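# fold the following for me, if possible:
(chains A and B)
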Amino acid sequence: MQKLLLLGDEAIAQGAIDAGISGIYAYPGTPSTEITEFVQKSKEAKEKGIRSNWSANEKTAMESALGMSYAGKRAMVCMKHVGLNVAADSFINSAITGANGGLIIVSADDPSMHSSQNEQDSRFYGDFAFMPILEPSNQQEAYDMVRYGFDLSEKMRIPVLYRITTRLAHSRAGVIRTQNREQNQLKLPDNLKQFILLPAIARKQYKELLAKQADLKAEASNSGFNTYINGADKKLGIITCGIAYNYLMENFQGMEIPHPILKIGQYPIPAEMVEKLYDTCDELLILEDGYPLVEQSIKGLLNKGKKIKGRLDGTIPRDGELNPNIVAVGLGKDDTKGENIPDFVAGRPPSLCKGCGHNDAFLAVNEALLKYSKGRVFSDIGCYTLSALRPLESINSCVDMGASITMAMGAAEAGLIPAVAAIGDSTFTHSGMTGLLDAVNNNSPITVLILDNSTTGMTGGQKSSALGKIEAICIALGVEEDHIRVLKPLPKQHEENVKAIAEELEYKGVSVIIPRRECIQTLNKRMRQKHNVKNLEV
Amino acid sequence: MKKDIILAGVGGQGILSIAATIGTAAIDLDLQLKQAEVHGMSQRGGDVQSHLRLSSNPIASDLIPQGKADLIISIEPMESLRYLPMLSKDGWIIANTQPFINIPNYPDLEQIIEKIKSIPNHIAINADEIAKEIGSERSANMVILGASAPFLDIEIGSLEKAIQTIFGSKGEDVVALNLKAFRAGLNFSLSNK
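This next block holds a predicted model:
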């Protein structure tokens, strides 16, 4: 078959299409977004009728995928690592219900926090849920593991967590496809009570989940994704997880690695293979792109056995993404790092685009707040979080999706009046609506800015679930119509906008201000497309 | 054959088009390829970079080891210097001299150019000016690609074919402009090497 040049994300998507999924469910989040986008743009996926619309958030995505699995069809759900926190309730419980049609949950971790607020390692969630985990080391494995993951899920009747990190998600390499497979037919579970987690049933199901663990361990040892590679120099044994294997190989270009290696790509941790390596070698080095999950497990609480080197003893830095140089130093080799960056080279942080409506909105907010003390603006996750940076320096918090409204409410109840929340349109329907209901029910003196650029901007302009619905949602949640104000964030409207915001800051109840102007990026894209269509017509 | 290339610039300047063109030529020549890109938050006017690795043998890491890059190709002068730790001792730096200033503390341009010229193997080219001269202001990235072409170990014809493939869907005029920009950059390098 023809070799395709695919991002890790795209390899997963193509793998899912070819493995016979019937649906993919997701909320956009770097570095996972391109998986779902690939399916949305794929002609094959369209022909096969694979559903791929964006979900309102990761929890609704996870639950919808579980529903598809209940109905006997294969489903994939994709999210960034912090999205798994949002989906955690259904994720953890899905291990107890088990799967019917194959179900894979892709969680894309972001070590070094390139585009995230933390670098949590999703493998701990898999461990917590007693779910098998797959972790590919390259794009071809990323493709192949999807097919295997669905087979494993259907054979063991359990969802599978599929963990990648930023580097694999956003790196391209050649991928060879395998045969296409048909979708499953609609087929409900044999036991129609399998998905009812009433305590009496849940206890039984949970025991079954625990009982499956021995088989899952055996699968991990036999699937071929965990491999033991012999080496003559037994002073050191090396364990690599996922992409860390590549960084190790890079340090032995064209040479055989002298040490025994255990390459891990599937969990539960293959204990027998680890034991063999431990018994064979004088000491171990553990390389993981993320938290020290395997290292911690082998060391245990007391760490009384052989020397285990890795992130916990400082051989590898405790935080941040791995790279070939970090691994080289960990192996005791020289760091090949070249000349230092000259001192005069300035940082160039990301910034709001030229002409972005958020900029005008925050200029107005800043001015309206001048007469109050500083530190009153609770923000959320999106492009507008960049208003934290110079020159705007408008906001004082960014914690998780939806936290702006509820944090403003709590701060107002502590006496910080007025308190302001700033949240984007897509983030509002992701996790802001319930918080706004809380604020309304408490008649909280907060001013909520729903910054409506009519798209999910930060991740590249995906369709926003909030499109055309914001006022109706606010009214339905009980916000008074007089205190829902729509503004046009443009320089020429500045004075008018400042006045409107200032008025609402004075109001001792919930106000919603909606600065509404299309994202400059999606506007440009739309104009280009229109122009192209025109050219074609001519 | 092995080429490890750092592509640098500011979000939106078109480094991914350079990567796609080199990548297309490489695949056509049956070379192995890995290319790590930056997506997401950093794309918004921040510094962006891509690691492009080509080889006739299998490639292990998606990231180039620091100090091992054969080439830094940068559409922006200051950004070329940000990746000096990546460059090997005998590597080449091909940098645009036209700055992209979107920060208040952008350093003195002369200091930057001086530093670029202190690297033993360098091409410093005002790609924006050349692109403008040939009537294709938006093709500065292809001028830079042309200027890099003599150092890629890929035949010029293969790269030109790749430009046709990449821009083909946008019409023949666009292909012609990009090819013109590519050749202008190439000529500059050949006479300033």
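
# residues in the stretch 51-200 of chain A within reach of chain B, list them.
Within the stretch 51-200 of chain A, the positions near chain B by CB under 8 Å from any CB of the partner chain are A:H114, A:S115, A:R167, A:L168, A:H170, A:S171, A:R172, A:A173, A:G174. For every residue, glycine as well, the C-beta is placed using N, CA and C.

# residue of the stretch 351-500 of chain A nearest chain B, please.
Of all residues in the stretch 351-500 of chain A, the one sitting closest to chain B is A:S351 (4.4 Å; CB to the nearest CB).

# where does chain B dip in pLDDT?
For chain B, the stretches with pLDDT under 70 are B:40-43.

# in it, spot the helix with the most residues.
Longest helix of chain B, by residue count under DSSP state H: helix B:172-192.

# same for that helix, what does it pack against?
Using 3 or more CB pairs under 8 Å, 6 or more residues apart in numbering or on different chains; DSSP states H and E, the elements in contact with helix B:172-192 are strand B:122-125, helix B:127-133, helix B:140-148, helix B:156-167.

# ok, longest helix in chain A?
helix A:199-222.

# low-scoring stretches of chain A, by residue?
Residues of chain A meeting the criterion pLDDT under 70: A:1-2, A:532-538.

# how does it divide up, domain by domain?
For chain A, automatic domain parsing gives the domain ranges A:3-183+A:195-222, A:227-330, A:357-522.

# could I get those as CSV with mean neighbour count?
As requested, the domains of chain A are exported to CSV (neighbours: other CB atoms under 10 Å in any protein chain shown):
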stretch, mean neighbour count
domain A:3-183+A:195-222, 22
domain A:227-330, 19
domain A:357-522, 21
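
# make CSV out of the ones you listed and add distance to B:L87.
Converted to CSV, these look like this (distance: least, CB to CB, whole Å):
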stretch, distance to B:L87
domain A:3-183+A:195-222, 20
domain A:227-330, 14
domain A:357-522, 29
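
# out of these, which gets nearest to B:L152?
In terms of CB to CB, the element of these nearest to B:L152 is domain A:3-183+A:195-222, at 17.5 Å.

# centre of the chain to that closest one, how far?
Here domain A:3-183+A:195-222 is found 12 Å from its chain centre; the criterion is CA atoms, centre = their mean, to the nearest Å.

# show the end-to-end separation of that domain, please.
28 Å (CA to CA, to the nearest Å).

# next one: stretch A:42-54
Stretch A:42-54 has an end-to-end distance of 15 Å (CA to CA).

# rewinding a little: next step: the residues of the stretch 51-200 of chain A next to chain B restricted to helices.
A:R167, A:L168.

# report the two of the residues of the stretch 51-200 of chain A next to chain B separated the most.
Within those, two members stand farthest from each other by CB to CB: A:S115 and A:G174, at 26.0 Å.

# quick one on the thing from earlier: contacts for the following helix or strand past the longest helix of chain A?
Next in sequence after helix A:199-222, counting helices and strands by DSSP states H and E, comes strand A:227-229. Here strand A:227-229 makes contact (CB atoms under 8 Å, 6 or more residues apart in numbering or on different chains) with A:I257, A:P260, A:I261, A:L262, A:K263, A:M273, A:K276, A:L277.

# right, and the second one touches A:T240 too?
No. With the criterion set as CB atoms under 8 Å, A:P260 and A:T240 do not qualify as a contacting pair; they are 11.8 Å apart.

# secondary structure element for the residue of the stretch 351-500 of chain A closest to chain B?
Here A:S351 is covered by no helix or strand, with elements defined by DSSP H and E.

# what's the closest residue to it other than its chain neighbours sitting at in phi/psi?
Spatial nearest neighbour of A:S351, chain neighbours left out: B:G45 (4.4 Å); criterion: CB to CB, 6 or more residues apart in numbering or on different chains. Backbone torsions for B:G45, taken as degrees, to the nearest 10, come to phi 70, psi 10.

# got a list of what the spatially closest residue to A:N340 that is not a sequence neighbour touches?
The shortest distance from A:N340 to any non-neighbouring residue, by CB to CB, 6+ apart, is to B:P85 (6.4 Å). By CB under 8 Å, 6+ apart, the contact list for B:P85 reads A:K337, A:G338, A:E339, A:N340, A:I341, B:Q66, B:G67.

# what kind of secondary structure is B:P85 in?
Under DSSP: H, G, I helix; E, B strand; the rest coil, B:P85 falls in the helix class.

# what's the spacing between the spatially most central residue of chain B and A:G357?
When CA atoms, centre = their mean is applied to chain B, the residue found nearest the centroid is B:I73 (3.6 Å). From B:I73 across to A:G357, the span is 34 Å (CB to CB, to the nearest Å).

# re earlier: so the residue of the stretch 351-500 of chain A closest to chain B makes contact with A:L386?
Yes. A:S351 is within contact range of A:L386, at 6.0 Å (criterion: CB under 8 Å).

# between these two, which contacts overlap?
By CB under 8 Å, 6+ apart, the residues touching both A:S351 and A:L386 are B:R44.

# just to revisit the earlier point, filter the contacts of B:P85 down to the buried ones.
Using 16 or more other CB atoms under 10 Å in any protein chain shown as the burial test, those include A:K337, A:G338, B:Q66, B:G67 as buried.
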